[in-house]
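*Asks:* model this:
(4 chains)
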Number of protein chains: 2
Amino acid sequence: MPATPRRTGRPPVTSRPQILAAARSLIDADGWEKLTVRRLAAELGIGPTTLYHHVRDKQDLLLQLLNEYAGRLPVPELPDEPRDRIVVAATAMHDALTGWPWAAEILATDGFVGLLGDPALHLVDTIVGAAVDAGRTRAQAVAVFRSIWYYTVGEILVRFRSVGPAAYRDIDFTAFDPTRLPHLAAIGDQWPALATTDTYPAGLRALVDGLLDD
Amino acid sequence: MPATPRRTGRPPVTSRPQILAAARSLIDADGWEKLTVRRLAAELGIGPTTLYHHVRDKQDLLLQLLNEYAGRLPVPELPDEPRDRIVVAATAMHDALTGWPWAAEILATDGFVGLLGDPALHLVDTIVGAAVDAGRTRAQAVAVFRSIWYYTVGEILVRFRSVGPAAYRDIDFTAFDPTRLPHLAAIGDQWPALATTDTYPAGLRALVDGLLDD
DNA sequence: ACCTGAACACCGTTCAAGT
DNA sequence: ACCTGAACACCGTTCAAGT
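*Replies:* Numbering: from 1, shown residues only, chains lettered A, B, ... in the order given. Okay, here's the model as predicted:
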């Protein structure tokens, strides 16, 4: 009568935690684009096909990675005032995505809320609850969350997938036709500086104010 | 003394307009994901490598496609009132992206404003100009545009890349822990219905109000 | 039980050679 | 001046066979 179940067959060469750790270090070292099944297997010193005994497919791997990351997130201290609570919770989401922007790729891909783990859902619940406390109906509160979510994930995606110096180099910001595009022409080569300023907090505040004011 | 330059060498089997038209019909028929260099070449009855004599690379092809699409957009009638003008211009952008959601993939990838053609930039200029008319500085006006852009592109990306019925099928919305996620538990299986409601116009209005109010 | 190599059905892109 | 096939360096995934 063995206390632990007898192991049979060939011993495993890797494990789920090992795979997730390797994936994380691969992303952190070489970037999100370089995380492929084949490279990950090579990193682990195993054949690509072996990975499929531990994860269903690549999408499943990414979700496990995401939920593990969410579990490590610090839980922010939440103010009592509903409006401030929304801003703090949304900012915590934004900070989490800034730290791992590739997560936004997954979250804007696949039915966002239902795929998140408990810790990340806690922030969703916080925002919905705070909107209810601010006098919204539950349906309105979900709409509040969704608007904030679109703004947040959009900011992350645009900020991290774009406007490398290379993309801007081709563009002559002083060449806008002043009769057709007067304001862009007036801004001219100040655009790149203005477009890289961090305006997330101000925009978030404005959005929350607009959503909660009658 | 020839009036037109003499043509020499092998005659072309295709042209830029033909390539763009084929790419457009391929996207419309089979979806954005199916637009590959090789499939496009097959559609045109030419070798994949021939395409590289007409476009620099795939990215270049996509940009040409995008700018051509922007050129076909209807120009909306713009109200005098600055706040309304912003809403109308942003809605026109949103409508354009709803009609061709894959465009959002490119626009959230590569330094968005500088890559757009004149017609699409006209909407950018409109929003910046209206924000100036509403009393903002030029720097603030750019921030207004950017916030609206993040919200808009985020909505499109999330809406079109997510929550197919397949994604939701795995999720039990009645299983949220009521002590840890009280509001999500209270919403329960109403979430999918609430999450597919079109809240873009209301959220946009709220955002614009928040951005323009002092 | 778990691992493996070979294979399938693809990608984008380059380049020397052909017409 | 333009086209072509072959080739390079990759993808994610399946599956029969091995230990």
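*Asks:* so how far is DNA strand D from residue A:183?
*Replies:* Residue A:183 sits 39 Å away from DNA strand D, taking CB to the nearest atom of the strand, to the nearest Å as the criterion. Using the backbone N, CA and C atoms, a C-beta is placed for each residue, glycine as well.
*Asks:* any idea which helix or strand comes after the strand or helix carrying that residue?
*Replies:* According to DSSP states H and E, residue A:183 maps onto helix A:182-187. The C-terminal neighbour of helix A:182-187 among helices and strands, as given by DSSP H and E, is helix A:191-196.
*Asks:* Just give the closest residue to residue A:89, not the sequence neighbours.
*Replies:* residue A:126 (4.3 Å; CB to CB, 6 or more residues apart in numbering or on different chains).
*Asks:* Whatever helix or strand that neighbour lives in - contacts with which helices or strands?
*Replies:* Under the criterion of DSSP H and E, residue A:126 resides in helix A:118-133. For helix A:118-133, the packing partners by 3 or more CB pairs under 8 Å, 6 or more residues apart in numbering or on different chains; DSSP states H and E come out as helix A:58-72, helix A:82-99, helix A:138-161, helix B:182-187.
*Asks:* tell me the mean pLDDT for it?
*Replies:* Confidence for helix A:118-133, expressed as mean pLDDT, is 94.
*Asks:* what angle sits between that helix and helix A:138-161?
*Replies:* Interaxial angle of helix A:118-133 relative to helix A:138-161 (axes from the mean of the first three to the mean of the last three CA atoms, to 10 degrees): 130 degrees.
*Asks:* So which bits of helix A:118-133 are buried?
*Replies:* The neighbour-count check on helix A:118-133 (16 or more other CB atoms under 10 Å in any protein chain shown) flags A:119-133 as buried.
*Asks:* Run a quick neighbour tally on residue A:109.
*Replies:* By other CB atoms under 10 Å in any protein chain shown, 17 other residues sit near residue A:109.
*Asks:* Need the three-state assignment for it.
*Replies:* Assigned by DSSP: H, G, I helix; E, B strand; the rest coil, the conformation of residue A:109 is coil.
*Asks:* Does it touch residue B:160 like I think?
*Replies:* No. Contact status for residue A:109 versus residue B:160: not in contact, 10.1 Å apart, counting by CB atoms under 8 Å.
*Asks:* what angle do the helix holding residue A:126 and helix A:82-99 make?
*Replies:* Counting by the same axes, to 10 degrees, helix A:118-133 lies at 150 degrees to helix A:82-99.
*Asks:* Run through the residues that contact the residue in chain A that chain B sits nearest to.
*Replies:* Closest approach between chain A and chain B, counting by CB to the nearest CB: residue A:154, at 2.5 Å. When contacts are counted by CB atoms under 8 Å, 6 or more residues apart in numbering or on different chains, residue A:154 touches B:108, B:149, B:150, B:151, B:152, B:153, B:154, B:155, B:157.
*Asks:* Out of the residues you listed, the closest to residue A:49 would be?
*Replies:* Nearest to residue A:49 out of the contacts of residue A:154 is residue B:157 (CB to CB; 32.4 Å).
*Asks:* Could you report the neighbour count for the nearest residue to that closest one once chain neighbours are set aside?
*Replies:* Spatial nearest neighbour of residue B:157, excluding adjacent residues (CB to CB, 6+ apart): residue A:108 at 4.7 Å. For residue A:108, the neighbour count with other CB under 10 Å is 25.
*Asks:* the bottom helix or strand of chain A by mean pLDDT?
*Replies:* Of all the helices and strands that make up chain A, helix A:165-169 has the lowest average by mean pLDDT, DSSP states H and E, namely a mean of 58.
*Asks:* picking up where we left off before, ranking the contacts of residue A:154 by neighbours, who comes first?
*Replies:* Using other CB under 10 Å as the neighbour test, the contacts of residue A:154 are led by residue B:151, with 29 neighbours.
*Asks:* I figured that one hits residue B:206, correct?
*Replies:* No. The criterion here is CB under 8 Å, and residue B:151 misses it with residue B:206 at 9.7 Å.
*Asks:* so what sits against both of those two?
*Replies:* Listed as contacting both residue B:151 and residue B:206 by CB under 8 Å, 6+ apart are A:147, A:207.
*Asks:* what's the burial count for the closest residue to residue A:100 other than its chain neighbours?
*Replies:* The spatially closest residue to residue A:100, leaving aside those adjacent along the chain, is residue A:69, at 5.9 Å (CB to CB, 6+ apart). By the measure other CB under 10 Å, the count of residues near residue A:69 is 19.
*Asks:* same thing with the one 5 residues further on?
*Replies:* By other CB under 10 Å, 9 other residues sit near residue A:74.
*Asks:* and the residue lying closest to it once chain neighbours are set aside, what is it in contact with?
*Replies:* Of all residues not flanking residue A:74 in the chain, residue A:92 sits nearest, at 7.9 Å (CB to CB, 6+ apart). Neighbouring residues of residue A:92 by CB under 8 Å, 6+ apart: A:73, A:74, A:76, A:123.
*Asks:* Close to DNA strand D: what parts of chain A are there?
*Replies:* A:9-10, A:34-39, A:48-49, A:52, A:57-59 (CB under 7 Å from any atom of the strand).
*Asks:* Greatest separation within those: which pair is it?
*Replies:* Taking CB to CB as the measure, these span a maximum distance of 33.1 Å, between A:9 and A:34.
*Asks:* more neighbours, these two?
*Replies:* residue A:34 (11 against 5).
*Asks:* For the most centrally placed residue in chain A, give me its contacts.
*Replies:* The residue lying closest to the centre of chain A (CA atoms, centre = their mean) is residue A:104, at 3.0 Å. Each residue near residue A:104 by CB under 8 Å, 6+ apart is listed here: A:97, A:153, A:156, A:157, A:160.
*Asks:* Let's see that with 6 Å instead.
*Replies:* Shown in contact with residue A:104 (CB atoms under 6 Å, 6 or more residues apart in numbering or on different chains): A:97, A:153, A:156, A:157.
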